[in-house]
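1. how would this look folded up:
(chains A and B)
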Amino acid sequence: MMRTHHCGELTAENIGQQVTLAGWVNRRRQHGEHLAFLDIRDYTGLTQCVVDNTVDARSEYVITVTGTVTARVEGTVNRDLPTGEIELQDCIIEVLSEAEPPPFPIDERADKVDEMVRLKYRYLDLRRERMQRNLRLRSKINAAIRSAMANQDFIEVETPMLMPSTPEGAREFLVPSRQRPGNFYALPQSPQLYKQLLMVGGLDRYYQIARCLRDEDLRADRQYEFMQLDLEMSFVEVDDVLSAAEVGVLDAAEVATGVRPTEVPRITWHEAMERFGTDKPDIRFGMELVELTEVFAQTGFKAFSSAGSIKGIKVDGGASQYGRNKLDGLTDEAKAMGAKGLVWLKVIVPEAAEGEQGSDGVASGLAFQSPVAKFISADETASILSTMDATEGDLILIVADEWTTTCEVLGELRNRIGRPPVHEGPYKYLWVVDFPLFVGVDAATGRPKPGHHAFCHPHPDDLDKLESDPMSVRAWAYDLVLNGWELGSGSIRIHDPLLQRRVFALLGIDDEEADRRFGFFLDPFKFGAPPHGGFAYGIDRLSAILAGEENIREIIAFPKPSSGVDPMTGSPGEVDDGQLEELGLRVLPPAE
RNA sequence: GGUCCCGUAGUGCAGUCUGGAGUGCACGCCGCCCUGUCAAGGCGGAGGUCGCGAGUUCAAAUCUCGUCGGGACCGCCA
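-> Predicted coordinates:
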């Protein structure tokens, strides 16, 4: 070994020992011809070395230091440093690698450096405490999850990265075949198909920390390639899958934060939409959607009288924080999201509403200040105030539209107004269950679109409505949500070919087409498929939140910026004509 | 494809609204001084295609248009 200790572990207990440390020169403080302090750094921390100033070791030089652990003289102890009671004296420095000055400081100041510069020199960025902490935390999370799965008798199985193209869902990365020019593999969006076949294969319980690839636009919580904990189980019902998946997530959370979440509440998709206006509610804060449709059952206000669903949210004390400009901005946002409009009401004491239209005569003594206050009756005003539990100074936002729009618009407004950054605690996990089997209608075919995927098992209680009222059919599908981020999703799968055929029929896929597109996947189910279901959750997202980061790039060693172009390697790049020829490919000129 | 924001020395910024010589700050870098610092301190120095290109103007980092790069979000992500 080139070293006897790490740079962050020497304490007063080591005084008198001769030690050798290896690492990078973190900083050098020169005090004269024959005295300099030199901090040596590795992933564990810093140790101060007292050296002769003639030593030529500058920032980021890689060195070993052999010296004697010595108590610092009175008054020079550094309480901010774990190793601050000691220093190395009589040092012998060996320079292993010289270093040019780094383009940015290797410390927390680099947090403010342009991310493209950090990514171009990622190997320097990784030397920083923040990145070391994040990647080591992620490693612990991976280990905790693996252990949790193994302890539940799941077996880890690797599945192919080269698989057939299945154009449904996310856009795929394609890989040209050299041996069969003009033919392509696809990189897996997920191991979905294979893991179900593992169940047919009798593996019973499978898991994998799987790399998934999707050629879709990048975001703070999305990379082209990302890692999922993927699992699948045979002979199970929904609760079995949720319980099994939960163990890994909660173990990971405990390892990362020291606190094990006590429980993960479950709510239905419908309740999530009703109360939070989204299928991934952030339940760290209130401001829930309040049902107001009945309040306006007899209303003369035209904007409300024809609406299928009227709901509101209350911003406590928001009346003074939201001036006309901000309210106009919210209204524009609501319209951009598909609402016909947004009604805002400021709860006031009427006397304060000088020159403004108020609706008064309410027993509470409160009224609304609003452009539409004159359209809201005294009864309605009183009813809104009591239903929403509003007091003076509150701001009420109301959307009246079809149910989905009302919920989604208010859900988005709720998030924009009240939602803390995702990485700020507390951590609130949530299962959302009973998703609808179909979501919306395909504009081209007029057929319903699968909410999860075409192999998702309908809720058995709704099977009789499958053909008569497909849009009301619930699915045995579920999502796990953490602080408003979708961590993962899963479902119980269809294992009965006849039921699969019924679902395909609704999607407009006949037997011939099903065989052509999914034959390799469906044929195995003719040979005895066990009932099975599974789940997958994003390890990048989980790690980011548990690390207190709001961008998954911070917990990935070599991520790509949202352009998809890696500033460090320059990829993607052009390839030789010879490589293209071998693959039977020709590049078209750029489209206009 | 869309909306909004950003681009000035190796790094982080000010200057842009209200046009007047690359004007400045901090860190870093180089040199010198310095024996107890720990983001050491002092003195000196080097370092610039103000992203790029047009336009307006006597004059553009500053105004206009275009373009490139980056970020957040929408679309998209079964």
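2. Can you give me the neighbour number for A:Asn142?
-> Other residues lying near A:Asn142 total 17 when counted by other Cβ atoms under 10 Å. C-betas here are computed from N, CA, C, even on glycine.
3. Provide a list of residues in contact with it.
-> For A:Asn142, the contacting residues are A:Ile209, A:Ile539, taking Cβ atoms under 8 Å, 6 or more residues apart in numbering as the criterion.
4. just checking, it is part of a helix?
-> Yes: assessed with DSSP: H, G, I helix; E, B strand; the rest coil, A:Asn142 lies in a helix.
5. ok, so what distance separates the residue in the stretch 251-400 of chain A that RNA strand B sits nearest to from A:Glu408?
-> When Cβ to the nearest atom of the strand is the measure, the stretch 251-400 of chain A has its nearest residue to RNA strand B at A:Ala336, with 7.0 Å between them. Distance, A:Ala336 to A:Glu408, using Cβ to Cβ, to the nearest Å: 12 Å.
6. Compare these two (neighbour count), which wins?
-> Looking at A:Ala336 and A:Glu408 with other Cβ under 10 Å, you find the greater number of neighbours at A:Glu408, namely 19 against 10.
7. After the strand or helix carrying the more buried one, which helix or strand is next? Please name it.
-> With the criterion set as DSSP states H and E, the secondary-structure element containing A:Glu408 is helix A:403-418. Following helix A:403-418 in sequence order, the next helix or strand is strand A:429-433 (DSSP H and E).
8. Run through the neighbouring helices and strands of that next one.
-> Other helices and strands packing on strand A:429-433, by 3 or more Cβ pairs under 8 Å, 6 or more residues apart in numbering; DSSP states H and E, are helix A:238-257, strand A:266-268, helix A:269-276, strand A:477-482.
9. Export those as TSV, with columns for mean pLDDT and mean neighbour count.
-> Converted to TSV, the helices and strands packed on strand A:429-433 look like this (pLDDT from 0 to 100; neighbours: other Cβ atoms under 10 Å):
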stretch	mean pLDDT	mean neighbour count
helix A:238-257	97	19
strand A:266-268	96	16
helix A:269-276	96	20
strand A:477-482	96	25
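10. Make TSV from those and add distance to A:Leu342 to it.
-> Supplementary listing: the helices and strands packed on strand A:429-433 in TSV, determined by distance: least, Cβ to Cβ, whole Å:
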stretch	distance to A:Leu342
helix A:238-257	37
strand A:266-268	26
helix A:269-276	18
strand A:477-482	26
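11. do you know which of these lies nearest A:His495?
-> Comparing these against A:His495 with Cβ to Cβ, the closest turns out to be helix A:238-257 (14.1 Å).
12. Helices along the stretch 1-150 of chain A, start to end?
-> Counting by DSSP state H, counting those that start in this stretch, the stretch 1-150 of chain A has these helices, from start to end: A:115-120, A:122-125, A:129-151.
13. Toward the C-terminus, what is the element adjacent to the last one?
-> Past helix A:129-151, further along toward the C-terminus, the next helix or strand under DSSP H and E is strand A:155-156.
14. could you point out which element follows that next one?
-> Later in the chain than strand A:155-156, the nearest helix or strand by DSSP H and E is strand A:174-176.
15. backbone phi and psi for A:Ile494, please?
-> Backbone geometry at A:Ile494, expressed as degrees, to the nearest 10, gives phi -80, psi 120.
16. For it, grab the count of nearby residues.
-> The burial metric for A:Ile494, expressed as a neighbour count using other Cβ under 10 Å, is 25.
17. Tell me how far A:Gly258 lies from A:Val249.
-> A:Gly258 sits at a distance of 15 Å from A:Val249 (criterion: Cβ to Cβ).
18. re earlier: run the chain-centre distance for the helix holding A:Glu408.
-> What separates the centre of helix A:403-418 from the centre of its chain is 20 Å, taken as Cα atoms, centre = their mean, to the nearest Å.
19. closest point of chain A to RNA strand B, which residue?
-> The minimum distance from chain A to RNA strand B, using Cβ to the nearest atom of the strand, falls at A:Gly32 (2.0 Å).
20. How much space separates A:Pro530 from A:Gly418?
-> Using Cβ to Cβ, one gets 45 Å for the distance from A:Pro530 to A:Gly418.
21. likewise A:Leu507?
-> Applying Cβ to Cβ, the value for A:Leu507 to A:Gly418 is 38 Å.
22. For the nearest residue to A:His452 once chain neighbours are set aside, list each beta-bridge partner.
-> Among residues not flanking A:His452 along the chain, A:Ala477 sits closest, at 4.4 Å (Cβ to Cβ, 6 or more residues apart in numbering). Beta-bridge pairing of A:Ala477, defined through DSSP bridges, involves A:Ser491.
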